[in-house]
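Q: Please work out how this folds:
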Amino acid sequence: MWWADRSAASRYRAQDLSAEDLLRAQALRSPKALDDWRVSRTLLHEVRAALPPGGATSLSHSGGLAVCAATAAARPLGIDLERIRPRDVASLAEWVCSPAEQAALAGMECAERLGHFYLLWTLKEAFIKAAKLDFPADMASVGLAAGPDAKWYLRAPPGQWRAASYRLGEEWISSVVWRAAADETVHRRWRAATGCVLPAVTVLGEWVPLQA
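A: From the prediction side, this is the model:
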């Protein structure tokens, strides 16, 4: 996984964009959207340059920062990044969480509840990307569920899915999901894009489906 901060925007070059992204760039109007775009596309260009042909990427950006998951193998892959900020967790959870996830959130103290909500949200968004699900209709169908051993397991689409969630610094949570063969080991590590500084990374959890 790769991280880019606002400094990446200074290395943005329109000539590095794909034909599709060139068209999308022309539709951007707000300064905030332009800043996010420059950071995320600079990161994506660097990641793609480091990958062999046939690799897979997934990109997410928020608040002038960006993350990109990358793998040399062609596989379903998704990542999401969100800044932790006060939200009406109970109302949002009714919209995107399963009854069990809602109950777990309701039983937590305020700070823990907010962090866990963003963990669930980023997991769900990552699945929307990786499995080509519908947003927001399918958000509640994926996430986490407690197993008979009281541990959390993935609620995932069919297939051998894996997931991990991270806290990046004090304000950011990111989750990544990928599909892999049952006996396949996928090594993960974080790195910073050129000129960027990777914040402290804390592993919040690593999950597999209950049947795996």
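Q: which residue ranges form the strands in the chain?
A: 2-4, 56-62, 65-71, 77-83, 143-146, 152-155, 161-168, 172-179, 191-192, 201-207 (DSSP state E).
Q: Turn the ones you listed into JSON lines, columns for distance to R38, mean pLDDT and mean neighbour count.
A: For the C-beta atoms, the positions are set from N, CA and C on the backbone; glycine is no exception. Below are those laid out as JSON lines (distance: least, C-beta to C-beta, whole Å; pLDDT from 0 to 100; neighbours: other C-beta atoms under 10 Å):
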{"stretch": "strand 2-4", "distance to R38": "10", "mean pLDDT": "98", "mean neighbour count": "25"}
{"stretch": "strand 56-62", "distance to R38": "10", "mean pLDDT": "95", "mean neighbour count": "19"}
{"stretch": "strand 65-71", "distance to R38": "10", "mean pLDDT": "97", "mean neighbour count": "24"}
{"stretch": "strand 77-83", "distance to R38": "16", "mean pLDDT": "97", "mean neighbour count": "23"}
{"stretch": "strand 143-146", "distance to R38": "32", "mean pLDDT": "95", "mean neighbour count": "20"}
{"stretch": "strand 152-155", "distance to R38": "34", "mean pLDDT": "95", "mean neighbour count": "19"}
{"stretch": "strand 161-168", "distance to R38": "20", "mean pLDDT": "97", "mean neighbour count": "21"}
{"stretch": "strand 172-179", "distance to R38": "19", "mean pLDDT": "97", "mean neighbour count": "25"}
{"stretch": "strand 191-192", "distance to R38": "17", "mean pLDDT": "98", "mean neighbour count": "14"}
{"stretch": "strand 201-207", "distance to R38": "24", "mean pLDDT": "96", "mean neighbour count": "15"}
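Q: which helices and strands sit right next to the helix or strand of the chain with the lowest mean pLDDT?
A: Least confident helix or strand of the chain, by mean pLDDT, DSSP states H and E, is helix 19-26 with a mean of 88. The contact analysis (3 or more C-beta pairs under 8 Å, 6 or more residues apart in numbering; DSSP states H and E) places helix 19-26 against helix 31-50.
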